[in-house]
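[1] Fold the following and give me the result.
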Amino acid sequence: MVLFDYIFYRWFRLYAKKDDDPKMSASVIVSAYQLLTIINLVLLGSIIMGYEYPGEGYLYVLIVLFYAINYFRYERNFDVSELDERWRDEPESKKQLRLVLLIAYLIGTFITPWIYGFSTN
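    Here you go, the predicted model:
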């Protein structure tokens, strides 16, 4: 959970400057990270094991499931100050590097199934 807490915290801090509900925005982004990670793992499993990649139907269930989990984890009675204490004094260079890695990971997990789809069709 530490990874997702960090992702939530960084996106929360980014959206806190310009969004009315930064908890919801950060929670949705954490859900996107989780969903895209699962999609890539299923894709990898289908390639390695040789089974057919499942259709879109399972995605709807996962979207609702991840959002519900993150809603209860981060939006309802969640105190961001706990995370603030943990990462507030993070060195600026480390913070920038981690933010670049988070964005690169999001882009990479988004593009991978897209590239696979183009290469197989």
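[2] Now do stretch 69-76: everything it contacts.
    Under the criterion C-beta atoms under 8 Å, 6 or more residues apart in numbering, residues 4, 8, 23-24, 26-28, 30-31, 34 lie in contact with stretch 69-76. (Each C-beta comes from the backbone N, C-alpha and C, glycine too.)
[3] Return the subset of those lying in helices.
    Counted as lying in helices by DSSP state H, out of these, are 4, 8, 23-24, 26-28, 30-31, 34.
[4] Tabulate the contacts of stretch 69-76 (a markdown table), appending pLDDT.
    A markdown table is the format used below for the contacts of stretch 69-76 (pLDDT from 0 to 100):
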| residue | pLDDT |
| --- | --- |
| F4 | 90 |
| F8 | 92 |
| K23 | 91 |
| M24 | 91 |
| A26 | 92 |
| S27 | 93 |
| V28 | 92 |
| V30 | 93 |
| S31 | 93 |
| Q34 | 92 |
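[5] Spatially nearest residue to Y33 (excluding sequence neighbours)?
    Excluding its sequence neighbours, the residue lying closest to Y33 (C-beta to C-beta, 6 or more residues apart in numbering) is I7, at 5.8 Å.
[6] pretty sure that neighbour contacts S31?
    No. Applying C-beta atoms under 8 Å, one finds I7 not in contact with S31, separated by 10.3 Å.
[7] Now do the contacts for K23.
    By C-beta under 8 Å, 6+ apart, K23 lies in contact with 12, 74-75, 78, 80.
[8] Could I get these in a markdown table, plus columns for distance to Y58?
    What follows is the contacts of K23, written out as a markdown table (distance: C-beta to C-beta, whole Å):
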| residue | distance to Y58 |
| --- | --- |
| F12 | 29 |
| Y74 | 24 |
| E75 | 24 |
| F78 | 28 |
| V80 | 32 |
